[in-house]
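Asker: sequence plus the predicted model coming up.
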Amino acid sequence: QQQVKQSPQSLIVQKGGISIINCAYENTAFDYFPWYQQFPGKGPALLIAIRPDVSEKKEGRFTISFNKSAKQFSLHIMDSQPGDSATYFCAASKAGTALIFGKGTTLSVSS
Amino acid sequence: GAVVSQHPSWVICKSGTSVKIECRSLDFQATTMFWYRQFPKQSLMLMATSNEGSKATYEQGVEKDKFLINHASLTLSTLTVTSAHPEDSSFYICSARGVGVNYGYTFGSGTRLTVV
């Protein structure tokens, strides 16, 4: 059973547009929800993370929206740039145990 | 910020040989380290969790005798792929977590293993 479901699998956005990636989780014990960006041949890099006591967190062009009752969270990338083209993973964990990753979204930002 | 160094970044080995991958936390003490495996265009799959001074806990389906994990200090964990076969070729990534509830997870840059 997949604990963290991510969609869409791929996304094409025009430069300057908004990229939106969604994740849904099953385990209500999860207490940490990060988003990672990964470029080919590199390890994942933390973009932004949220805990379930807040509904939204913004850092620069990146925003996480969190809906605890729906067990969903999403990443919004404002003013998307070609340099944002990468694979994005949502993840979740509970009490400091291992992160469980979604399947990833390949984002392409066209110029 | 927290930095995790992973070496080597890539390695090619012959079938039947063993390969060791190192993961070091450079500026924090990593009480827990995680090892992931990633196939091309796929997600990160957890292989095992290791706590300093304890035996690693392996995920279902991961052969503990094939993937030896050692976490002998608070700054170093190693993954040894023993008797490697071509199907072990993959991207291996470590992650470290420090002490305290507010510590996040820091990832290494990954190791590309190719078994020929």
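Answerer: Noted; the coordinates are in hand. This one's a predicted model, so the numbers in the text were calculated from it and none came from an experiment. Residues are numbered from 1 along each chain as shown, chains lettered A, B, ... in the order given.
Asker: measure the residue in chain A that chain B sits nearest to to A:Phe73 for me?
Answerer: Using Cβ to the nearest Cβ, the closest approach of chain A to chain B is made by A:Gly43 at 4.2 Å. C-betas here are computed from N, CA, C, even on glycine. Using Cβ to Cβ, to the nearest Å, we find A:Gly43 at a distance of 22 Å from A:Phe73.
Asker: low-confidence regions, chain A specifically.
Answerer: Within chain A, the segments meeting pLDDT under 70 span A:1.
Asker: and it, which residues reach chain B?
Answerer: Within chain A, the positions adjacent to chain B are A:32, A:34, A:36, A:41-46, A:49, A:89, A:93, A:96-104 by Cβ under 8 Å from any Cβ of the partner chain.
Asker: go again with 7 Å.
Answerer: A:41-44, A:46, A:49, A:89, A:96, A:98-99, A:101-104 (Cβ under 7 Å from any Cβ of the partner chain).
Asker: now, which of these lie within strands?
Answerer: A:46, A:49, A:89, A:101 (DSSP state E).
Asker: my read is that the last one contacts A:Phe89, right?
Answerer: Just to be clear, that refers to A:Phe101. Yes: counting by Cβ atoms under 7 Å, A:Phe89 is a contact partner of A:Phe101 at 5.0 Å.
Asker: quick one: buried ones out of the ones in strands among the residues of chain A next to chain B?
Answerer: The neighbour count (16 or more other Cβ atoms under 10 Å in any protein chain shown) marks A:46, A:49, A:89, A:101 as buried among those.
Asker: between A:Phe101 and A:Phe89, what contacts are shared?
Answerer: Here A:Phe101 and A:Phe89 have B:Ser43 as joint contacts, going by Cβ atoms under 7 Å, 6 or more residues apart in numbering or on different chains.
Asker: tell me what B:Gly95 is bridged to.
Answerer: For the record, residue B:95 is Ser, not Gly. B:Phe34, B:Phe107 (DSSP bridges).
Asker: per-residue confidence at B:Gln29?
Answerer: Per-residue pLDDT puts B:Gln29 at 87.
Asker: surely it touches B:His71?
Answerer: No: the criterion here is Cβ under 7 Å, and B:Gln29 misses it with B:His71 at 11.8 Å.
Asker: quick one, which of those two is more surrounded?
Answerer: Counting neighbours by other Cβ atoms under 10 Å in any protein chain shown for B:Gln29 and for B:His71 shows that B:His71 has the greater number, 25 against 13.
Asker: please tell me how far B:Ser15 sits from chain A.
Answerer: Distance, B:Ser15 to chain A, by Cβ to the nearest Cβ, to the nearest Å: 23 Å.
Asker: need the contact list for that residue.
Answerer: Contacts for B:Ser15 (Cβ under 7 Å, 6+ apart) come out as B:84-86, B:115-116.
Asker: quick one on the thing from earlier: may I ask which of the residues of chain A next to chain B has the most neighbours?
Answerer: Among those, A:Pro44 has the most neighbours (other Cβ under 10 Å), with 30 neighbours.
Asker: thought A:Ala86 was touching that residue, still the case?
Answerer: No: the criterion here is Cβ under 7 Å, and A:Pro44 misses it with A:Ala86 at 9.7 Å.
Asker: got any residues that touch both of these two?
Answerer: Common contact partners of A:Pro44 and A:Ala86 (Cβ under 7 Å, 6+ apart): A:37-38.
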